[in-house]
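Participant: What follows is a predicted protein model with its sequence.
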Amino acid sequence: MPPFTRKPSQALKGVRILSLSLNLPGPAALQRLRHMGATCLKFEPPAPPGAPDNITGDPMSAYSRTAFDALHQGIRTRAVDLKTAAGQKILQRELAKTDVLLTSFRPSALVKLGLDWQALQTRHPRLSLVAIVGAPGARANEPGHDLTYLAENDLVTGLDLPATLYADMGGALMASEAVLQAVLLQRQTEQGAYFEVALSKAAAHLALPRSWGLTLPGTMIGGGHAGYCVYKCQDGRVALAALEPHFAKALCAVAGIDWTTPATMMAATTHVAIAAFVATQTRKALDKLSDQHDIPLHTLPT
């Protein structure tokens with residue numbers, strides 16, 4: 001028999017979403033909604049005068065065409081100048097048949113475009129609005145980006161940039177969640193609903209383990225547990241995640257370390273011993289140990 005494969009969810013089949021969002025969070029949310037079966041359309045500003053053919057009105061097309069193409073796979077896009085009467089006519093015509101409008105403008109810009117919640121409710125009472133902003137409430141007009149929201153929530157350490165755009169991608173998840181809530185409410189009440197998604201709140205949500213002290217330096221998941229660390233090996237690095245006692249025991253057994261109690265893993269001598277053992281191993285040997293002894297790890301290049 002062929003292997004069981006689950007078809008993509010079509011929970012949003014028949015739902016029409018119009019996005020005016022640029023850069024990353026809105027398009028990432030829109031892509032997730034497309035995978036749930038929604039019919040997705042995105043309006044972009046016209047491309048800058050003299051721009052190359054591969055540059056659109058969305059700055060992401062200039063930052064990374066690879067990212068832009070991935071975000072817009074299966075998404076119908078159209079260049080519309082919302083600052084003109086013609087553009088507004090096109091927009092209002094589309095809004096009349098849209099279930100959820102997704103934006104990423106500051107509130108002041110929404111007002112100028114006639115897209116604030118009060119104006120939308122007057123003209124399109126069944127339309128829902130999911131507004132992605134930088135910070136919530138009174139701070140929504142403040143300038144900011146992923147990096148500033150991460151820094152605000154103690155998620156930038158040292159001088160290195162974060163490995164990815166956590167606040168933007170977390171905000172995309174929250175925005176797609178808000179669309180699902182809006183659709184549910186529409187089906188219950190026949191009325192539109194308004195949701196504000198703040199990227200700073202997405203960063204704050206991601207930062208909760210740190211705010212609880214769970215991942216602070218020296219704690220079990222902050223480097224204090226010798227089985228939950230990154231070590232150098234002969235030809236690269238290894239991320240060890242032998243946190244639970246049965247994993248830690250297996251790690252100690254292959255490393256030749258006496259296990260007594262879970263406190264063994266918090267001892268400085270255990271850190272030294274595991275580091276010394278791992279330093280003698282290649283990535284291939286560590287991967288083999290993982291398979292043979294059921295130790296959670298992932299090897300990395302230098």
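Facilitator: Looks like it arrived, so ask away.
Participant: use CA for all of it now, contacts and neighbours both
Facilitator: Noted.
Participant: The residue positioned nearest the centre of the chain and Arg187, how far apart?
Facilitator: Closest residue to the average C-alpha location of the chain: Met169 at 1.9 Å, with C-alpha atoms, centre = their mean. Distance of Met169 to Arg187, given as C-alpha to C-alpha, to the nearest Å: 28 Å.
Participant: how about the residue nearest to the centre of the chain, what does it touch?
Facilitator: Shown here is Met169, whose contacts under the criterion C-alpha atoms under 8 Å, 6 or more residues apart in numbering are Leu24, Pro25, Ala28.
Participant: let's see 10 Å
Facilitator: The contact partners of Met169, by C-alpha atoms under 10 Å, 6 or more residues apart in numbering, come to Leu24, Pro25, Gly26, Ala28, Ala29, Asp146, Ala175, Leu199, Ala202, Ala203.
Participant: Equivalent analysis for Thr189, please.
Facilitator: Here Thr189 is in contact with Arg126 (criterion: C-alpha under 10 Å, 6+ apart).
Participant: biggest helix in this protein by residues?
Facilitator: Counting residues, the longest helix found in the chain (DSSP state H) is helix 166-189.
Participant: can you pull the contacts of Met220?
Facilitator: Taking C-alpha under 10 Å, 6+ apart, we find Met220 in contact with Leu214, Ala226, Gly227, Tyr228, Cys229, Leu243, Met265, Met266.
Participant: Go again with 8 Å.
Facilitator: Leu214, Tyr228, Met266.
Participant: what helix or strand does the first one sit in?
Facilitator: Counting by DSSP states H and E, no helix or strand carries Leu214.
Participant: so how far is Gly134 from it?
Facilitator: Taking C-alpha to C-alpha, one finds Leu214 at 26 Å from Gly134.
Participant: Same check on the last one?
Facilitator: Taking C-alpha to C-alpha as the criterion, Met266 is separated from Gly134 by 40 Å.
Participant: on that earlier part again, looking at Leu214 and Gly134 now, which is surrounded by more residues?
Facilitator: Gly134 (29 against 14; other C-alpha atoms under 10 Å).
Participant: Break down the stretch 201-302 of the chain into its strands, ranges please.
Facilitator: 230-233, 236-240, 297-300 (DSSP state E, counting those that start in this stretch).
Participant: now swap in the stretch 51-200 of the chain and tell me
Facilitator: 76-79, 100-103, 128-133, 194-198.
Participant: Adding mean neighbour count, distance to Val179 and mean pLDDT, write these out as CSV.
Facilitator: Shown next, in CSV, are the strands of the stretch 51-200 of the chain (neighbours: other C-alpha atoms under 10 Å; distance: least, C-alpha to C-alpha, whole Å; pLDDT from 0 to 100):
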stretch, mean neighbour count, distance to Val179, mean pLDDT
strand 76-79, 14, 18, 97
strand 100-103, 25, 7, 98
strand 128-133, 26, 7, 98
strand 194-198, 21, 8, 97
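Participant: Out of those, which gets nearest to Ala163?
Facilitator: Shortest distance between Ala163 and the strands of the stretch 51-200 of the chain, using C-alpha to C-alpha, is found for strand 194-198: 20.8 Å.
Participant: other SSEs contacting that closest one?
Facilitator: On a contact count with 3 or more C-alpha pairs under 8 Å, 6 or more residues apart in numbering; DSSP states H and E, strand 194-198 meets strand 128-133, helix 166-189.
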